[in-house]
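S.K.: Generate a structure from the sequence data that follows.
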Amino acid sequence: MNTVSIIGRMTKAPQLKYLSEGRLQTSFVLAVNKGYKNDDADFVLCTIWGKLAETTVKYCGKGSLVGISGRLNTRSYDKGDGTRVFVTEVVVEDIRFLVTKKRDEEEQNDMQSIATHEHSKNEETDFEFPATQSNQLPV
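M.R.: Just a heads-up that it's a prediction; the model follows:
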């Protein structure tokens with residue numbers, strides 16, 4: 001069974017990437033406390049695809065506390081100098097926004113222009129979270 005569930009804080013604001021065939025993707029690193037020391041953490045690479053990636057980028061910034069569940073994925077690629085690099089990441093299938101941090105104002109403006117562009121391109125209605133406290137979303 002390949003299942004991972006962790007809670008951690010984003011080390012920087014996730015950025016949405018538009019890939020071929022209209023696919024959406026974002027990656028971020030979660031700092032996960034080890035529990036036995038306050039200053040000791042593991043840093044876990046996470047990747048999200050599709051509408052869930054778009055929602056994550058919209059509501060999360062650096063320092064957001066999230067709970068994720070998904071599966072481990074290992075991949076490799078060759079660098080220009082011929083060395084092989086191995087990457088282990090969590091492919092996120094579910095994310096819970098526990099405590100969100102506001103995105104920088106400049107990033108929010110960028111996201112609004114992207115959302116406006118995507119809405120005009122796609123006639124489907126977007127999912128909207130109900131109004132809550134300014135720094136928390138429903139879990």
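S.K.: mind listing the strands for the protein?
M.R.: For the chain, applying DSSP state E gives strands covering 4-10, 17-18, 24-33, 41-49, 65-78, 84-99.
S.K.: Need the contact partners of the shortest one.
M.R.: Going back to what we said before, that points to strand 17-18. Applying Cβ atoms under 8 Å, 6 or more residues apart in numbering, the contact partners of strand 17-18 are 24-27. C-beta: built from backbone N, CA, C; applies to glycine.
S.K.: And the buried ones among these, selectable in ChimeraX?
M.R.: Filtering these down to the buried ones (16 or more other Cβ atoms under 10 Å) takes a single ChimeraX command:
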select :24,25,26
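S.K.: Redo the contacts of strand 17-18 as JSON lines? Include distance to Asn73.
M.R.: Output for the contacts of strand 17-18, formatted as JSON lines (distance: Cβ to Cβ, whole Å):
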{"residue": "Leu24", "distance to Asn73": "18"}
{"residue": "Gln25", "distance to Asn73": "13"}
{"residue": "Thr26", "distance to Asn73": "15"}
{"residue": "Ser27", "distance to Asn73": "12"}
